[in-house]
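A.B. asks: Take this sequence and fold it.
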Amino acid sequence: MFLRRMARPLMMMAKVKETTGIVGLEVVPNAREVLVGLYNKTLKEIKAVPEDEGYRKAVESFTRQRLKVCQEEEDWETIEKRLGCGQVEELIEEAQDELKLIGHMIEWNPWGVPDDYECEVIENDAPVPKHIPLHRPGPLPEEFYKTLGAVNTGTLEDAVSRSKDEPAITSGESQSK
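C.D. replies: Numbering: from 1, shown residues only. Take a look at the predicted model:
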């Protein structure tokens with residue numbers, strides 16, 4: 001009886017999540033602690049990826065930001081509001097998935113492709129179904145093709161080095177002397 005009288009007000013003060021409202025996603029009562037542990041583990045495991053890789057930079061950036069919020073806040077509702085990325089239980093699943101992906105990325109080693117590696121390009125001329133929109137870029141300006149030709153023939157460097165002494169034409173009009 002004494003315990004009920006003392007514990008009830010404490011339980012009323014603490015916000016208890018009863019359901020996530022998502023089928024199959026159970027409430028995690030200690031979600032903050034779980035997130036802090038997962039984010040620390042993510043930051044530790046991502047160090048196996050080379051420092052200059054974009055994947056590592058992105059993972060470290062958002063993981064540090066989320067870890068900081070979880071360390072600053074005690075309440076799961078505040079964490080959810082500050083991060084704006086869903087419920088803490090969803091964040092736990094995302095962090096677990098990221099850890100799995102880090103393992104796969106380390107195994108696949110996509111950053112270890114040699115500079116001289118040639119990729120086979122397969123063109124598929126199969127008709128596109130009508131319900132899929134065609135995203136075809138418009139034609140490139142003729143200047144692009146001229147520059148590309150100069151790069152391929154090695155004449156671009158000559159043109160650039162000659163033009164350093166001459167003022168650049170920016171308006172597209174020819175200069176008269």
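A.B. asks: Need the residues that contact the host helix or strand of residue 94.
C.D. replies: Taking DSSP states H and E as the definition, residue 94 sits inside helix 88-108. Identification of contacts with helix 88-108 by Cβ atoms under 8 Å, 6 or more residues apart in numbering yields 20, 22, 25-28, 31-32, 34-35, 38-39, 41-42, 45-46, 48-49, 55, 59, 63, 66, 76, 79-80, 83, 85-86. All C-beta atoms are positioned from the backbone trio N, CA, C, and that covers glycine.
A.B. asks: Could you list the low-confidence segments of the chain?
C.D. replies: Low-confidence segments of the chain, defined by pLDDT under 70: 1-14, 156-177.
A.B. asks: need the helices for it, in chain order.
C.D. replies: 2-13, 31-45, 54-72, 76-83, 88-108, 142-153, 156-163 (DSSP state H).
A.B. asks: Any idea which of those gets closest to residue 116?
C.D. replies: Smallest distance to residue 116 across these (Cβ to Cβ): 18.2 Å, for helix 142-153.
A.B. asks: mind checking how far the closest one is from the chain centre?
C.D. replies: 34 Å (Cα atoms, centre = their mean, to the nearest Å).
A.B. asks: For that helix, enumerate the helices and strands it packs against.
C.D. replies: Here helix 142-153 touches helix 156-163, going by 3 or more Cβ pairs under 8 Å, 6 or more residues apart in numbering; DSSP states H and E.
A.B. asks: Show me just the buried residues among the contacts of helix 88-108.
C.D. replies: By neighbour count, with 16 or more other Cβ atoms under 10 Å, those hold 20, 28, 31-32, 34-35, 38-39, 41-42, 46, 49, 59, 63, 66, 76, 79-80, 83 as buried.
A.B. asks: roughly how far apart are the residue nearest the centre of the chain and residue 101?
C.D. replies: Centroid-nearest residue in the chain: residue 58, 5.3 Å away (criterion: Cα atoms, centre = their mean). When distance is defined by Cβ to Cβ, to the nearest Å, residue 58 is 12 Å away from residue 101.
A.B. asks: Put together JSON lines for the helices of the chain, with distance to residue 125 on each row.
C.D. replies: Formatted as JSON lines, these follow (distance: least, Cβ to Cβ, whole Å):
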{"stretch": "helix 2-13", "distance to residue 125": "66"}
{"stretch": "helix 31-45", "distance to residue 125": "43"}
{"stretch": "helix 54-72", "distance to residue 125": "33"}
{"stretch": "helix 76-83", "distance to residue 125": "46"}
{"stretch": "helix 88-108", "distance to residue 125": "30"}
{"stretch": "helix 142-153", "distance to residue 125": "24"}
{"stretch": "helix 156-163", "distance to residue 125": "33"}
